[in-house]
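J.: sequence-free structure coming up:
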(Lines give C-alpha, C1' and ligand atoms only; values in the text may rest on other atoms or scores of the structure.)
Protein backbone atom coordinates (compact mmCIF):
# COMPACT_ATOMS: atom_id res chain seq x y z
CA UNK A 1 0.00 0.00 0.00
CA UNK A 2 2.78 2.44 0.88
CA UNK A 3 4.55 1.82 -2.43
CA UNK A 4 1.33 2.58 -4.27
CA UNK A 5 0.88 5.77 -2.24
CA UNK A 6 4.40 6.90 -3.08
CA UNK A 7 3.89 6.15 -6.78
CA UNK A 8 0.60 8.06 -6.90
CA UNK A 9 2.10 11.05 -5.09
CA UNK A 10 5.13 11.12 -7.39
CA UNK A 11 2.93 11.18 -10.48
CA UNK A 12 0.82 14.01 -9.05
CA UNK A 13 3.77 16.14 -7.91
CA UNK A 14 6.52 15.53 -10.45
CA UNK A 15 6.44 19.18 -11.59
CA UNK A 16 6.38 20.73 -8.11
CA UNK A 17 8.91 23.30 -7.00
CA UNK A 18 10.93 22.42 -3.91
CA UNK A 19 8.73 24.76 -1.89
CA UNK A 20 5.44 23.20 -2.97
CA UNK A 21 6.83 19.68 -2.70
CA UNK A 22 7.97 20.24 0.89
CA UNK A 23 4.55 21.44 2.02
CA UNK A 24 2.75 18.60 0.27
CA UNK A 25 5.12 16.06 1.81
CA UNK A 26 4.66 17.14 5.43
CA UNK A 27 0.89 17.41 4.94
CA UNK A 28 0.62 13.90 3.56
CA UNK A 29 3.13 12.40 6.00
CA UNK A 30 1.20 13.86 8.91
CA UNK A 31 -2.11 12.59 7.55
CA UNK A 32 -0.65 9.14 6.99
CA UNK A 33 0.57 8.97 10.59
CA UNK A 34 -2.79 10.24 11.85
CA UNK A 35 -4.70 7.53 9.94
CA UNK A 36 -2.36 4.83 11.17
CA UNK A 37 -2.79 5.95 14.78
CA UNK A 38 -6.56 5.78 14.39
CA UNK A 39 -6.21 2.19 13.18
CA UNK A 40 -3.83 1.29 16.03
CA UNK A 41 -0.02 1.15 16.00
CA UNK A 42 2.63 -0.72 17.94
CA UNK A 43 5.23 1.20 19.94
CA UNK A 44 8.91 0.48 20.54
CA UNK A 45 11.12 2.10 23.17
CA UNK A 46 14.41 3.59 21.99
CA UNK A 47 16.65 5.18 24.64
CA UNK A 48 14.15 5.60 27.48
CA UNK A 49 10.47 5.35 28.36
CA UNK A 50 9.63 8.68 26.72
CA UNK A 51 11.82 8.14 23.64
CA UNK A 52 9.63 5.93 21.48
CA UNK A 53 8.96 5.08 17.86
CA UNK A 54 5.89 3.64 16.14
CA UNK A 55 5.03 2.00 12.85
CA UNK A 56 3.54 5.35 11.87
CA UNK A 57 6.89 7.16 12.30
CA UNK A 58 8.60 4.60 10.11
CA UNK A 59 5.89 4.58 7.45
CA UNK A 60 5.74 8.38 7.26
CA UNK A 61 9.51 8.60 6.88
CA UNK A 62 9.52 5.88 4.24
CA UNK A 63 6.84 7.80 2.36
CA UNK A 64 8.78 11.07 2.38
CA UNK A 65 12.12 9.46 1.55
CA UNK A 66 10.56 7.33 -1.19
CA UNK A 67 9.09 10.39 -2.87
CA UNK A 68 12.35 12.32 -2.59
CA UNK A 69 14.38 9.44 -4.01
CA UNK A 70 12.12 9.51 -7.06
CA UNK A 71 11.71 13.28 -7.51
CA UNK A 72 15.01 14.63 -6.13
CA UNK A 73 17.48 11.77 -6.83
CA UNK A 74 20.55 14.03 -6.66
CA UNK A 75 19.76 15.26 -3.14
CA UNK A 76 20.70 13.64 0.14
CA UNK A 77 18.17 12.46 2.74
CA UNK A 78 18.53 12.35 6.53
CA UNK A 79 15.66 11.10 8.69
CA UNK A 80 15.17 10.53 12.40
CA UNK A 81 14.11 6.93 11.90
CA UNK A 82 17.15 5.85 9.91
CA UNK A 83 16.79 7.25 6.40
CA UNK A 84 20.31 8.21 5.35
CA UNK A 85 21.06 8.63 1.67
CA UNK A 86 24.11 10.62 0.55
CA UNK A 87 23.52 12.94 -2.39
CA UNK A 88 25.78 14.65 -4.90
CA UNK A 89 23.97 17.98 -5.17
CA UNK A 90 25.24 19.33 -1.85
CA UNK A 91 21.65 19.56 -0.61
CA UNK A 92 19.98 17.37 2.04
CA UNK A 93 16.34 16.95 3.00
CA UNK A 94 16.15 16.55 6.80
CA UNK A 95 13.02 14.67 7.89
CA UNK A 96 11.17 14.28 11.18
CA UNK A 97 8.16 12.13 10.24
CA UNK A 98 6.46 12.46 13.63
CA UNK A 99 7.86 15.07 16.00
CA UNK A 100 6.38 14.52 19.45
CA UNK A 101 6.00 10.75 19.27
CA UNK A 102 5.45 10.39 23.01
CA UNK A 103 2.52 12.78 22.64
CA UNK A 104 1.42 10.93 19.51
CA UNK A 105 1.23 7.54 21.25
CA UNK A 106 -0.43 9.13 24.30
CA UNK A 107 -3.34 10.38 22.18
CA UNK A 108 -2.32 14.03 22.39
CA UNK A 109 -2.76 16.37 19.42
CA UNK A 110 0.56 18.16 20.08
CA UNK A 111 2.71 16.61 17.36
CA UNK A 112 3.61 17.27 13.74
CA UNK A 113 5.50 16.19 10.65
CA UNK A 114 8.45 18.36 9.70
CA UNK A 115 11.28 18.72 7.22
CA UNK A 116 13.96 21.16 6.12
CA UNK A 117 16.07 21.51 2.99
CA UNK A 118 19.69 22.50 3.64
CA UNK A 119 22.98 22.88 1.83
CA UNK A 120 26.05 21.47 3.53
CA UNK A 121 26.40 19.29 6.61
CA UNK A 122 22.96 19.09 8.31
CA UNK A 123 24.68 19.38 11.70
CA UNK A 124 26.07 22.77 10.64
CA UNK A 125 24.57 23.73 7.28
CA UNK A 126 25.91 26.57 5.18
CA UNK A 127 22.33 27.41 4.18
CA UNK A 128 18.87 26.46 5.41
CA UNK A 129 16.64 26.97 2.39
CA UNK A 130 13.33 26.49 4.22
CA UNK A 131 11.39 24.52 6.78
CA UNK A 132 7.92 23.00 6.50
CA UNK A 133 5.86 21.80 9.48
CA UNK A 134 2.35 20.34 9.41
CA UNK A 135 0.27 19.91 12.55
CA UNK A 136 -2.56 17.51 11.60
CA UNK A 137 -4.80 18.12 14.60
CA UNK A 138 -5.04 21.83 13.82
CA UNK A 139 -4.96 21.32 10.07
CA UNK A 140 -2.35 23.95 9.33
CA UNK A 141 1.11 24.08 7.80
CA UNK A 142 3.91 26.52 8.57
CA UNK A 143 6.43 27.25 5.84
CA UNK A 144 9.33 29.67 5.59
CA UNK A 145 13.03 30.38 5.77
CA UNK A 146 15.62 33.11 6.09
CA UNK A 147 14.81 34.39 2.60
CA UNK A 148 11.18 33.21 2.53
CA UNK A 149 8.70 35.08 4.73
CA UNK A 150 7.06 32.55 7.04
CA UNK A 151 3.43 31.66 6.42
CA UNK A 152 0.82 29.59 8.19
CA UNK A 153 -1.57 28.06 5.68
CA UNK A 154 -0.37 30.50 3.05
CA UNK A 155 -0.99 33.62 5.13
CA UNK A 156 2.02 35.62 6.26
CA UNK A 157 2.70 35.74 9.98
CA UNK A 158 3.49 39.06 11.62
CA UNK A 159 7.17 39.85 11.86
CA UNK A 160 8.59 39.24 15.32
CA UNK A 161 9.20 42.49 17.14
CA UNK A 162 11.74 43.06 19.89
CA UNK A 163 10.33 42.45 23.37
CA UNK A 164 12.02 41.68 26.69
CA UNK A 165 12.68 38.18 27.96
CA UNK A 166 10.56 38.88 31.03
CA UNK A 167 7.45 39.16 28.84
CA UNK A 168 7.92 35.90 26.98
CA UNK A 169 6.21 32.56 27.41
CA UNK A 170 9.02 30.00 27.18
CA UNK A 171 8.55 26.76 25.28
CA UNK A 172 11.19 24.35 26.56
CA UNK A 173 12.09 20.78 27.43
CA UNK A 174 14.42 19.29 30.03
CA UNK A 175 14.42 15.53 30.48
CA UNK A 176 13.94 14.58 34.16
CA UNK A 177 17.36 12.91 34.28
CA UNK A 178 19.01 16.29 33.71
CA UNK A 179 17.38 17.75 36.80
CA UNK A 180 20.09 15.96 38.81
CA UNK A 181 22.91 17.28 36.63
CA UNK A 182 23.71 20.60 38.26
CA UNK A 183 25.60 22.36 35.41
CA UNK A 184 22.81 21.64 32.91
CA UNK A 185 20.04 22.44 35.37
CA UNK A 186 21.66 25.71 36.38
CA UNK A 187 22.10 26.81 32.76
CA UNK A 188 18.46 26.03 32.02
CA UNK A 189 17.20 27.64 35.21
CA UNK A 190 19.16 30.84 34.54
CA UNK A 191 16.84 31.51 31.60
CA UNK A 192 13.69 29.70 32.73
CA UNK A 193 13.51 31.72 35.95
CA UNK A 194 13.41 35.02 34.05
CA UNK A 195 10.43 34.49 31.74
CA UNK A 196 6.72 35.20 32.15
CA UNK A 197 5.63 31.54 31.98
CA UNK A 198 6.83 28.06 31.08
CA UNK A 199 5.41 25.61 28.54
CA UNK A 200 6.87 22.10 28.29
CA UNK A 201 4.79 20.48 25.55
CA UNK A 202 7.08 17.93 23.92
CA UNK A 203 7.21 18.73 20.20
CA UNK A 204 9.97 21.14 19.27
CA UNK A 205 8.86 21.88 15.71
CA UNK A 206 5.34 22.73 16.89
CA UNK A 207 6.85 24.96 19.57
CA UNK A 208 9.04 26.72 17.04
CA UNK A 209 6.12 27.17 14.68
CA UNK A 210 4.38 28.85 17.60
CA UNK A 211 7.38 31.12 18.16
CA UNK A 212 7.31 32.05 14.47
CA UNK A 213 3.61 32.95 14.49
CA UNK A 214 3.72 34.71 17.85
CA UNK A 215 1.68 32.25 19.90
CA UNK A 216 4.79 31.35 21.91
CA UNK A 217 7.52 33.78 22.89
CA UNK A 218 10.82 31.92 23.14
CA UNK A 219 12.20 28.39 22.76
CA UNK A 220 15.05 26.76 24.67
CA UNK A 221 16.33 23.18 24.58
CA UNK A 222 19.70 21.43 24.68
CA UNK A 223 21.23 18.64 22.59
CA UNK A 224 18.68 19.08 19.82
CA UNK A 225 18.95 16.83 16.77
CA UNK A 226 19.08 18.43 13.33
CA UNK A 227 15.58 17.21 12.42
CA UNK A 228 14.17 18.76 15.60
CA UNK A 229 15.91 22.10 15.07
CA UNK A 230 16.29 22.97 11.41
CA UNK A 231 12.63 23.07 10.28
CA UNK A 232 11.59 25.30 13.17
CA UNK A 233 14.72 27.43 13.01
CA UNK A 234 13.86 28.22 9.40
CA UNK A 235 10.35 29.29 10.41
CA UNK A 236 11.60 31.61 13.15
CA UNK A 237 14.17 33.20 10.83
CA UNK A 238 11.52 33.64 8.16
CA UNK A 239 9.44 35.55 10.72
CA UNK A 240 12.30 37.95 11.40
CA UNK A 241 13.43 36.24 14.60
CA UNK A 242 16.77 34.93 15.81
CA UNK A 243 17.72 31.27 16.20
CA UNK A 244 21.14 30.33 17.54
CA UNK A 245 23.16 27.71 19.39
CA UNK A 246 25.23 28.37 22.51
CA UNK A 247 27.42 26.23 24.81
CA UNK A 248 26.58 26.25 28.52
CA UNK A 249 26.65 23.70 31.32
CA UNK A 250 28.56 21.24 29.17
CA UNK A 251 25.86 20.97 26.50
CA UNK A 252 24.74 22.88 23.40
CA UNK A 253 21.52 24.88 23.72
CA UNK A 254 19.23 25.99 20.91
CA UNK A 255 17.52 29.33 21.53
CA UNK A 256 14.94 30.99 19.27
CA UNK A 257 12.63 33.99 19.50
CA UNK A 258 12.61 37.73 18.90
CA UNK A 259 16.11 39.19 18.77
CA UNK A 260 15.94 41.12 22.06
CA UNK A 261 14.66 38.19 24.10
CA UNK A 262 17.21 35.81 22.58
CA UNK A 263 20.07 38.19 23.29
CA UNK A 264 18.91 38.63 26.87
CA UNK A 265 18.72 34.85 27.28
CA UNK A 266 22.22 34.37 25.85
CA UNK A 267 23.62 36.89 28.33
CA UNK A 268 22.38 34.72 31.21
CA UNK A 269 24.37 31.61 30.30
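T.: In hand now; what should we look at? Remember, predicted model here, so these are calculated numbers, not experimental data.

J.: Low-confidence regions, this protein specifically.
T.: Along the chain, the parts satisfying pLDDT under 70 run over 40-53.

J.: Give me the residue at the spatial middle of it.
T.: The centre of the chain sits closest to residue 205, judged by CA atoms, centre = their mean, with a distance of 3.1 Å.

J.: Unless I misread the structure, it falls within a helix.
T.: Yes: residue state for residue 205 (DSSP: H, G, I helix; E, B strand; the rest coil) corresponds to a helix.

J.: What sits closest to it if chain neighbours are left out?
T.: Spatial nearest neighbour of residue 205, excluding adjacent residues (CB to CB, 6 or more residues apart in numbering): residue 114 at 4.1 Å. Backbone N, C-alpha and C define where each C-beta goes, glycine included.

J.: hang on, isn't the one you found packed against residue 99?
T.: Yes: counting by CB atoms under 8 Å, residue 114 touches residue 99, with 5.3 Å between them.

J.: shared neighbours, the two?
T.: By CB atoms under 8 Å, 6 or more residues apart in numbering, residue 114 and residue 99 have these common neighbours: 133, 205, 227.

J.: I'd like those laid out as TSV, including distance to residue 73.
T.: As requested, the shared contacts of residue 114 and residue 99 are arranged in TSV below (distance: CB to CB, whole Å):
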residue	distance to residue 73
133	25
205	26
227	21
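
J.: Closest to residue 61 out of those residues?
T.: Distance from residue 61 was checked for each of the shared contacts of residue 114 and residue 99 by CB to CB. The minimum falls on residue 227, at 9.8 Å.

J.: ok, now how distant is the closest one from residue 180?
T.: Distance check for residue 227 against residue 180: by CB to CB, to the nearest Å, it reads 27 Å.

J.: Over to residue 199?
T.: Taking CB to CB as the measure, residue 199 and residue 180 are separated by 23 Å.

J.: With neighbour numbers in mind, choose between the two.
T.: More neighbours surround residue 199 than the other of residue 199 and residue 180, with 17 against 8 (other CB atoms under 10 Å).

J.: Which residue, other than its chain neighbours, is closest to that one?
T.: Nearest residue to residue 199 in three dimensions, chain neighbours excluded: residue 171, at 4.8 Å (CB to CB, 6+ apart).

J.: With residue 233 instead?
T.: Beyond its immediate neighbours in the sequence, the residue positioned closest to residue 233 (CB to CB, 6+ apart) is residue 243, lying 4.2 Å away.

J.: For residue 99, give me its contacts.
T.: Contacts for residue 99 were tallied using CB under 8 Å, 6+ apart; they are 111, 112, 113, 114, 133, 203, 204, 205, 206, 227, 228.

J.: same thing with residue 248?
T.: Neighbour list for residue 248: 187, 269 [criterion: CB under 8 Å, 6+ apart].

J.: Who does it form a beta bridge with?
T.: When bridges are taken as DSSP bridges, the partners of residue 248 come out as residue 251.

J.: re earlier: part of a strand, is the residue nearest to residue 205?
T.: Yes: assessed by three-state DSSP, residue 114 belongs to a strand.

J.: Tell me the bridge partners for it.
T.: Residue 114 forms beta bridges with residue 96, residue 133, as assigned by DSSP bridges.

J.: what's the spacing between it and residue 250?
T.: Distance from residue 114 to residue 250, by CB to CB: 28 Å.

J.: More neighbours: which of those two?
T.: Neighbours per residue (other CB under 10 Å) separate residue 114 from residue 250, with residue 114 holding more: 36 against 10.

J.: How about the contacts made by that one?
T.: Under the criterion of CB under 8 Å, 6+ apart, the contact list for residue 114 reads 26, 95, 96, 99, 131, 132, 133, 134, 205, 227, 231, 232.

J.: Right, I'll call it a day here.
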